[in-house]
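Asks: Structure for this input, please:
(2 chains)
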Amino acid sequence: MVESKNRIIIVFVLFILVVFLVQIKMYIGETHATLYKRLEESAVKNMHEVALNIDQNLKNQIENNLFDSFKDNRDMRREFEKDLSLFVTSKVQYIYLIYKDEKNRFRFLADGSTQDKARFNQKLDVNEAYLNIYKTKHELSLTQNSLEKLAITYIHPVLRNDTVEALLVFDFSSTLTSDLKMILEPIEALFRVIYILIGLFIFIAAVQAFYYYQIRKKSFIDILTQTYNRQYLRYLWNKIDMNQYHILMVDFDHFKKINDNYGHSVGDNVLYEGAQIMQSKLRKDDKIFRYGGEEFLILIKKESVSVTEHIANRIRLSIENYIFLKDDIKINLTISIGLNIKPNESKNINEAIKIADMMLYRAKANGRNCIISNYNNTQVSIEDKHTMGETIDNVKAAIEEDRIRCYFHSIVDFNNTIYKYEALVRYVKEDGTLVYPNHFLADIMYTSVYTDLCKRIIDICIDTVQKRKIVISINFSINDLLDENLMNYFISQLEDLGDDSSLISIEILEDQELLNINMLKNVIDRFKTYGVKFAIDDFGSGYANFNYLAELNIDYIKIDGSLIQNVLESQNTKHIIMSIIKLAQKMNMKTIAEFVSSEEIYEEISALGVDYMQGYYISKPKLFGEA
Amino acid sequence: MFKFLSILLILGSLLNASEKEYASKIIKNLVEVIDKPNTSVWIDSYDTKVFGLFDLAKFNVVKSCKKAKVMILSSEKTIPKGCNTKPILVLDYELLEKHDNAVSAFFWKKGRPNIVFISDRIKHFSISLPASYDKYIEEKIW
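Replies: Coordinates of the predicted model:
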């Protein structure tokens, strides 16, 4: 938009210059023509007066027919030719008297020229214009464009009794125009210099414009992905009309693993190919920017919400179905897309992008490889984003200032003996109030602060095990377990723990879909070598499925709290719990019932044969020292 | 730069050649009406006057006047023996008087191209001129 406006201005300026140049050229041409014409008129005017004098003199001297007089009286003719020759100059090359014979051919009566003298009555081939003078009886001046030696011919009719008897001809030599050329030369030279300077200016302007656009274009292109970069987005920041676009924020799912597992060169290649694929699915008026890392921002020219969603899905599917190849490595990738279809409701493009980013965050939280838009979510506002930003800052500060706390919730057997503790994280605000994970965990997910928090929790738990020699269970999501860096850190801490590492237990949170069960299996097996035990949390809800039990080396099934809470009201729930317990027994696993919040539930669950229980009826989570 | 200079030279020579081209066409036409198209011609001189006047390359020039059907004379030189019966085109009005076989003349008079055919000489050589040439036929040399 802005570029095309600038282009129009430059083209317009160049056009004006070219018009100016043409005008100058035309003006020079017109000046020439005018000067030539005036010179011609001046020469003719002079000769007109001379011709009148010669004519009068001729009439005074010769009363009879001119042909007969000159034919019969050679001396008279020579005398007349002598008179004529007085007017021959370097400019007036020939002066002669001709007449028209009965066959309309012109013949010399007298020739005053000093050069190329004609004989009496010799024929002279001339054009039709000479004949016309016999009709018009008017003088005539001819510009001799076709003759090299002559510039102008002035013809004066010699009338006798109102009849043209002869023509007095003055031929001006071409030196007349060469003199004019000489006079005009300095002016022409000046015009030529102006002409060249303007031409040079246009050329330089055109070259500069070309290079300016080349350089600017390069500065706006991301070298790796060949898409527009953030600098170009910033350039458009205040110029773009947000009513014209929908905003897509695109992020490659688990891209960090590509770099970690295959190296950055493969990661770069994947980014380039991915960007090219996305670019190929866009229309001419859409724009794609590399927003940062593996994140891309796409401006979709607004047609309708369905068209934008269709394009977004087309991009998502094209990435999902594409196999990235690097040597023999085949890589499948997905993307998550946040879509802001109401950018015009934002104060500026920055806020509109933040909302698209928030939608992207939700797409990530929703399991990835999907598109989340704010189409039906009219309440989405930038305030949410601000809150999230604040939360991240608060947690970060809490980690740095050692305000992260692990509360330990006891898990007991049917004898009410504490079997182990589940570590539950909180952080202490600066004013001393406690913040629970449901208030901050979602906000910091997918940020480096989340990883730092996990490491802090590991440190606290390892430290507690070392000091108290108790079994502690730590919750990890599937993504956490597949995060190689985080798990490497955990393993290094376990190694420091020595034999006490068997006192660590991991609860796998089933809030995410497991896409690669083999990878998780490998992780579990690795931890098993340190004696770590595994439990599936919230079994019976979420993404939990029986296949996990078959494939993974699990020690405990933690029955979902919602089932436990419902056990008194629903016979079906009771049957589900019974079947889970039976299944666990068959597979040599122990069962844990959480959310045991009353004596009635405690009694009922105990009767069903669950191995361990946890809940507020038994105890509340406490810091060690408080318990 | 070389191409540019070459184009300038060609254009310059073309401009200078315009009058020469014009004369060449007229002389070629005259030779054709005196004899026939592409007939053999002999030229008395190869001096700068002739070269400057018309383009020889447009004519079927023969070295011996005996083999020529038409002779072109630019000067008063004596006609070689055995050739004095052939029609002559002269390049000067005055030469019409010098050579009895000069049937036609082409020359520049007052900066204008002029053509003359002498009536009795064209009859002598049984030359039939197209009607458009009538205006150039003269009964006598003035």
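
Asks: Show the pLDDT at residue 7.
Replies: Since no chain was named, I'll use chain A. Listed pLDDT for residue A:7 reads 68.

Asks: wrong chain, I was asking about chain B
Replies: pLDDT, residue B:7: 36.

Asks: how many neighbours does residue A:152 have?
Replies: Each residue near residue A:152 was counted by other CB atoms under 10 Å in any protein chain shown, and the total is 24. Just so you know, the C-beta spots here come from the backbone N, C-alpha and C atoms, and that holds for glycine as well.

Asks: pretty sure it is touching residue A:141, no?
Replies: Yes - applying CB atoms under 8 Å, one finds residue A:152 in contact with residue A:141, separated by 5.9 Å.

Asks: Please enumerate the shared neighbours of these two.
Replies: Residues touching both residue A:152 and residue A:141 by CB atoms under 8 Å, 6 or more residues apart in numbering or on different chains: A:40, A:44.

Asks: measure stretch A:436-456 end to end?
Replies: 16 Å (CA to CA, to the nearest Å).

Asks: what about the strands in chain B?
Replies: Using DSSP state E, the strands of chain B run over residues B:40-43, B:60-61, B:70-73, B:88-90, B:102-109, B:112-118, B:137-138.

Asks: what about the second one, average pLDDT?
Replies: I take that to be strand B:60-61. 91.

Asks: partners of residue 106 in the sheet?
Replies: I went with chain A, as the question did not name one. residue A:100, residue A:124 (DSSP bridges).

Asks: was after chain B, sorry
Replies: Taking DSSP bridges, one obtains residue B:115 as the residues bridged to residue B:106.

Asks: and it, how many neighbours does it have?
Replies: 23.

Asks: tell me the contacts of it?
Replies: B:23, B:26, B:27, B:30, B:89, B:90, B:91, B:113, B:114, B:115.

Asks: Quick one, which of those residues are buried?
Replies: Using 16 or more other CB atoms under 10 Å in any protein chain shown as the burial test, these include B:23, B:27, B:30, B:89, B:90, B:91, B:113, B:114, B:115 as buried.

Asks: Chain B contacts on chain A?
Replies: Residues of chain A that fall close to chain B, judged by CB under 8 Å from any CB of the partner chain: A:93-94, A:96, A:103-105, A:107, A:113, A:116, A:118-126, A:144, A:147-150, A:169, A:171.

Asks: Among these, which ones are in strands?
Replies: Per DSSP E, the residues of chain A next to chain B map to strands at A:93, A:94, A:96, A:107, A:123, A:124, A:150, A:169, A:171.

Asks: which helices and strands does whichever strand or helix holds residue A:317 pack with?
Replies: According to DSSP states H and E, residue A:317 maps onto helix A:305-320. With contacts defined as 3 or more CB pairs under 8 Å, 6 or more residues apart in numbering or on different chains; DSSP states H and E, the packing partners of helix A:305-320 are strand A:245-252, helix A:264-280, strand A:295-301, strand A:335-340, strand A:371-373.

Asks: need the ones you listed in CSV with mean pLDDT and mean neighbour count, can you?
Replies: Below are these laid out as CSV (pLDDT from 0 to 100; neighbours: other CB atoms under 10 Å in any protein chain shown):
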stretch, mean pLDDT, mean neighbour count
strand A:245-252, 95, 25
helix A:264-280, 93, 18
strand A:295-301, 95, 23
strand A:335-340, 93, 27
strand A:371-373, 89, 21
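
Asks: now the ones you listed as TSV including distance to residue A:534?
Replies: Formatted as TSV, the helices and strands packed on helix A:305-320 follow (distance: least, CB to CB, whole Å):
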stretch	distance to residue A:534
strand A:245-252	30
helix A:264-280	31
strand A:295-301	34
strand A:335-340	28
strand A:371-373	32
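
Asks: of all these, which lies closest to residue A:87?
Replies: strand A:295-301 (82.5 Å; CB to CB).

Asks: quick one: the strands in the stretch 301-450 of chain A?
Replies: Taking DSSP state E, counting those that start in this stretch to define them, one finds strands in the stretch 301-450 of chain A at A:323-326, A:329-332, A:335-340, A:371-373, A:404-413, A:418-428, A:434-435.

Asks: follow-up on the earlier one: report the buried residues of the helix holding residue A:317.
Replies: Within helix A:305-320, the residues that count as buried by 16+ other CB under 10 Å are A:308, A:309, A:311, A:312, A:315, A:316, A:319.
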